[in-house]
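Engineer: Next one to model:
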Amino acid sequence: MANKNILITGASSGIGKEVAIYLSEKGATVILVGRNVVRLEEVASDIGKNVYIYPCNLCETGQIERIFQYCKEHGILLDGMVHSAGIAEPTPVRMMTMENLEKTMKINFQAFVDLGKQFYRKKYSQNDSSIVAISSIAAMRPAKGQVAYASSKAALNTAVRVMSQEFLKRKIRVNAIMPSYVATPLVSGDVGYGMNNGIEDMPLGVIEPKQIAYLVEFLLSDKSKHITGAAIPVTSGV
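Structural biologist: Residues are numbered from 1 along each chain as shown. Purely as a prediction, here's the structure:
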């Protein structure tokens, strides 16, 4: 990761925060994107050097190219991107609103497509770079209450497969990671209907965020240079 520039969405908490800190420890310059500027500044302070922050609400798709323009203005040509931003609002189908569905799809899926579109442009990224999307095992094995969340992650996985084919011309690899339950604010405690079904029955225990960071590093590195279009499950035995 030394001397690599990595853009990370959802970097103010959870998996995105852990990925940002870990990659910076490995020598990467990280560009942190998230909605909460205070928390972004706290993460940047923990990292200390070779870090930039860009507050952005990914629901506002018109904002997304500005992230890349910011990088260009600061002389940053990206070597990788991690889309860790995501929301989950567990809701039974009988109570689902279209506003809830649209919001989840915008952040978990549509924003990733727009981010990938911008990343692919030569003025923003290097050839032979890598994109990693944080998906979920819910894309394959949804639980009750996850109609919006699971559908958005399934769509994300499909986007990963399509991008992996379309981006071959520049040898940009695109992969996804599908964890089950990770020890983040999203699943710790009582987060609502359907989001932690079976969390107490994980044979190998709840996944530590750093374990996902290790896999992200692998997928961003040359160690995985022949892997693209994959959606890798990290299930802890569930």
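Engineer: after the longest helix anywhere in the chain comes which helix or strand?
Structural biologist: Secondary structure of the chain per DSSP state H: the longest helix is helix 147-166. With elements assigned by DSSP states H and E, the helix or strand that comes after helix 147-166 is strand 173-179.
Engineer: returning to what we had before: ok and the longest helix of the chain relative to strand 173-179, angle-wise?
Structural biologist: 150 degrees (axes from the mean of the first three to the mean of the last three CA atoms, to 10 degrees).
Engineer: quick one: the residue nearest the centre of the chain and Ser12, what's the gap?
Structural biologist: Taking CA atoms, centre = their mean as the criterion, Ser84 is the residue nearest the geometric centre of the chain, at 2.0 Å. Distance from Ser84 to Ser12, counting by CB to CB, to the nearest Å: 10 Å. Where you see a C-beta, it was placed from the backbone N, CA and C, and this is true even at glycine.
Engineer: Strands along the chain, start to end?
Structural biologist: 5-9, 29-34, 51-55, 78-83, 125-134, 173-179, 231-234 (DSSP state E).
Engineer: Can you name every helix or strand that the fifth one contacts?
Structural biologist: Judged by 3 or more CB pairs under 8 Å, 6 or more residues apart in numbering; DSSP states H and E, the packing partners of strand 125-134 are strand 78-83, helix 111-119, helix 147-166, strand 173-179, helix 209-220.
Engineer: Poorly predicted segments of the chain, please.
Structural biologist: When residues are selected by pLDDT under 70, those of the chain lie in 185-201.
Engineer: Report back the residue of it that's furthest from centre.
Structural biologist: Distance-from-mean max, the chain, by CA atoms, centre = their mean: Arg94 at 29.0 Å.
Engineer: Over to stretch 43-58 now: how far is its first residue from its last?
Structural biologist: 19 Å (CA to CA, to the nearest Å).
Engineer: burial measure for Ala150, as a count.
Structural biologist: Using other CB atoms under 10 Å, Ala150 is surrounded by 22 other residues.
Engineer: hang on, the earlier thing: quick one, the longest helix of the chain and helix 111-119 angle?
Structural biologist: Using the same axes, to 10 degrees: helix 147-166 against helix 111-119 is 20 degrees.
Engineer: got the angle between helix 147-166 and strand 125-134?
Structural biologist: 150 degrees.
Engineer: Outside of helix 147-166 itself, list whatever touches it.
Structural biologist: 86, 88-91, 93, 96, 100-101, 104-105, 107-109, 112-113, 116, 120, 131, 133, 135-136, 138-140, 142-143, 173-176, 178, 195, 228-229, 231 (CB atoms under 8 Å, 6 or more residues apart in numbering).
Engineer: Would you mind confirming that Leu78 makes contact with Asn5?
Structural biologist: Yes. Counting by CB atoms under 8 Å, Leu78 touches Asn5, with 5.2 Å between them.
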